[in-house]
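Asker: predicted structure and sequence below. I'll ask about it afterward.
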Amino acid sequence: MPALQIRDLPQGLYDELRLRAEREHRSLAQQATVAIEQHLRLVPPTEQPARPLTEEEERQARIAKRKAIFARIDAMPKVEIPDDFPDIVEIIHEGREERLDRIGRECGLWPDS
């Protein structure tokens, strides 16, 4: 059976759901299911639910999405990298050294320079 997780549920809604569950002698999950069922019966759907995609349709959708992303990347302006631009390995090495030095000073492993 499918499961549903709700993140960042406002505390007031949670408390109200819990109180109703207690009054109805239901678990929180059961009360949430009842509340959703009741809401769906009261509110008419705005459109027909789409049928699930087949595996091939999902694959084609992923391919189309990927092609669109690559097209946007290709449309971006090209960047010329100067010959004297530092090597990426040097940049990473310097960043690590700076981070280790800062951590060492903040932890009191060596005095400030």
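Answerer: Yes, it's here.

Asker: longest helix anywhere in this protein?
Answerer: helix 55-75 (DSSP state H).

Asker: how about the helices in this structure?
Answerer: Remark: helices assigned in the chain by DSSP H are 11-23, 28-42, 55-75, 88-106.

Asker: the bottom helix or strand of the protein by mean pLDDT?
Answerer: Using mean pLDDT, DSSP states H and E, helix 28-42 stands out as the lowest-scoring helix or strand of the chain, at a mean of 89.

Asker: residues in contact with that one?
Answerer: Applying Cβ atoms under 8 Å, 6 or more residues apart in numbering, the set of residues contacting helix 28-42 from outside is Leu4, Ile6, Leu17, Arg18, Arg20, Ala21, Glu24, Arg26. No exception for glycine: its C-beta is placed from N, CA and C like everyone else's.

Asker: measure the one residue sitting closest to the centre of the chain to Glu16 for me?
Answerer: With distances taken as Cα atoms, centre = their mean, Arg7 lies nearest the centre of the chain, 11.5 Å away. Counting by Cβ to Cβ, to the nearest Å, the separation of Arg7 from Glu16 is 18 Å.

Asker: give me the mean pLDDT for stretch 5-19.
Answerer: Average pLDDT, stretch 5-19: 91.

Asker: now find how far off-centre it is within its chain.
Answerer: 21 Å (Cα atoms, centre = their mean, to the nearest Å).

Asker: so what touches it?
Answerer: Leu28, Gln31, Ala32, Ala35.

Asker: related to what we said a few turns ago, any quick PyMOL command for the buried ones out of the contacts of helix 28-42?
Answerer: Buried subset of the contacts of helix 28-42, written as a PyMOL selection, criterion 16 or more other Cβ atoms under 10 Å:
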select buried, resi 17+21
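
Asker: can you add distance to Gly95 and give the contacts of helix 28-42 back as CSV?
Answerer: Formatted as CSV, the contacts of helix 28-42 follow (distance: Cβ to Cβ, whole Å):
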residue, distance to Gly95
Leu4, 42
Ile6, 40
Leu17, 48
Arg18, 49
Arg20, 54
Ala21, 52
Glu24, 58
Arg26, 55
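
Asker: which of the contacts of helix 28-42 lies closest to Arg105?
Answerer: Comparing the contacts of helix 28-42 against Arg105 with Cβ to Cβ places Ile6 closest, at 44.2 Å.
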